[in-house]
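S.K.: take a look and give me a structure for this.
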Amino acid sequence: MRQPARRSIKPVLLIITTCLISILQVNGQQSVMFEGKNEQPDYVKSILQKDGQRRSAWWWGWLGGYSAATAGQLIAGISSNKLSFRQDMYLGAATTLVGAAGQFFSPVSPPFQPAGTQIYSPGGSPGQNEQLANAEEMLKEYARLETEGRSWKMHALSGAVNLSSGLITWLGFKRTWKDGVLNFAFNTAITEAQIWSQPMLAHRTYTSYMINNQKSSGSLDNKKSAINFSVKASPNCFSLCLSF
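M.R.: Residues are numbered from 1 along each chain as shown. As a prediction, this is how the structure comes out:
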């Protein structure tokens, strides 16, 4: 029985390798520690620069992987005389081409200007408050884009493309439904890896940064605790807990 997914394994491995390289660029969460207001703009600037570097590595890595897979599958399809193999290669090339094009519409794109090069100056300069406000606004925007990059919309769009590829394999090429499922599963694994390998440094830092500032100002002490519902179970006890 034909196994189109196996014939396409080399391009898949190429993209997965690119994914792993991108993941290695995303290090652990940065701790938010600073001694005073004067250090905050410089700290946020360093975070924005690191985040920009990781976004660039992720963006260019996946674009390069998709582009190489597209070219490789086109060459393999053109050089083959077997119809079923050409169909698999051309469909795979079309799918990875869509993935490459999708990078240009991704919310998480590499910054085209180094973060903070024109709005910061070292130490306690006269424009310190303005610099800090601009820094926080940039960090907030970076965090928003990263959140959007992992939103349900991105999963839905990639899922629609993967589903179309699976249906074409099954119905268009008149293969078995298992071939269509395998096609869908392989493509889904790749696109999900792409989404979840996206850098989230700005998002994590912004969340911690704002919590830290709220604690410093005492604003968190004035907030009402959220109502939490939990279930506790043990060998001889089962309880429902409501805390507020």
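
S.K.: all helices of this protein, in order?
M.R.: For the chain, the helices defined by DSSP state H occupy 4-7, 9-25, 40-79, 83-103, 128-149, 152-167, 177-196, 201-217.

S.K.: what's the burial count for T147?
M.R.: Applying other C-beta atoms under 10 Å, we find 15 residues neighbouring T147. Yep, even glycine has a C-beta here, placed from its N, CA and C like the rest.

S.K.: was I right about it contacting R204?
M.R.: No - the criterion here is C-beta atoms under 8 Å, and T147 misses it with R204 at 10.7 Å.

S.K.: show me the contacts for R55.
M.R.: By C-beta atoms under 8 Å, 6 or more residues apart in numbering, the residues touching R55 are V108, S109, P110, P111, P199.

S.K.: may I ask which of those residues has the most neighbours?
M.R.: Busiest of the contacts of R55 [other C-beta under 10 Å] is P199, holding 26 neighbours.

S.K.: from W177, how far out is the residue nearest to that one when sequence neighbours are not counted?
M.R.: Residue nearest to P199 in three dimensions, not counting chain neighbours: R54, with 3.9 Å by C-beta to C-beta, 6 or more residues apart in numbering. As judged by C-beta to C-beta, to the nearest Å, R54 and W177 stand 40 Å apart.

S.K.: more neighbours: these two, which one.
M.R.: Between R54 and W177, R54 has the larger neighbour count (other C-beta under 10 Å), namely 21 against 11.

S.K.: T188 and I211, how far apart?
M.R.: 35 Å.

S.K.: the two - which one has more neighbours?
M.R.: Set T188 next to I211 and count neighbours by other C-beta under 10 Å: T188 wins out with 18 against 12.

S.K.: format the CA atom coordinates belonging to stretch 166-179 as PDB.
M.R.: What follows is stretch 166-179, C-alpha atoms only, in PDB (Å, rounded to 0.1, in the frame of the first residue of the first chain):
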ATOM      1  CA  GLY A 166      -5.700  15.800   4.100                       C
ATOM      2  CA  LEU A 167      -9.000  16.000   2.100                       C
ATOM      3  CA  ILE A 168      -7.100  16.500  -1.200                       C
ATOM      4  CA  THR A 169      -5.000  13.400  -0.400                       C
ATOM      5  CA  TRP A 170      -8.000  11.300   0.400                       C
ATOM      6  CA  LEU A 171     -10.700  12.500  -2.100                       C
ATOM      7  CA  GLY A 172      -8.700  14.400  -4.700                       C
ATOM      8  CA  PHE A 173      -6.000  11.800  -5.200                       C
ATOM      9  CA  LYS A 174      -8.400   8.900  -4.400                       C
ATOM     10  CA  ARG A 175      -6.300   7.500  -1.600                       C
ATOM     11  CA  THR A 176      -7.500   5.700   1.500                       C
ATOM     12  CA  TRP A 177      -8.900   7.800   4.400                       C
ATOM     13  CA  LYS A 178      -5.900   6.700   6.400                       C
ATOM     14  CA  ASP A 179      -3.600   8.400   4.000                       C
END
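
S.K.: so for that stretch, what's the average pLDDT?
M.R.: Across stretch 166-179, pLDDT averages out at 96.

S.K.: that one: which residues count as buried?
M.R.: The neighbour-count check on stretch 166-179 (16 or more other C-beta atoms under 10 Å) flags G166, I168, T169, W170, F173, R175, D179 as buried.

S.K.: any idea how far P110 is from T191?
M.R.: 20 Å.

S.K.: I meant G65, not that one.
M.R.: As judged by C-beta to C-beta, G65 and T191 stand 12 Å apart.
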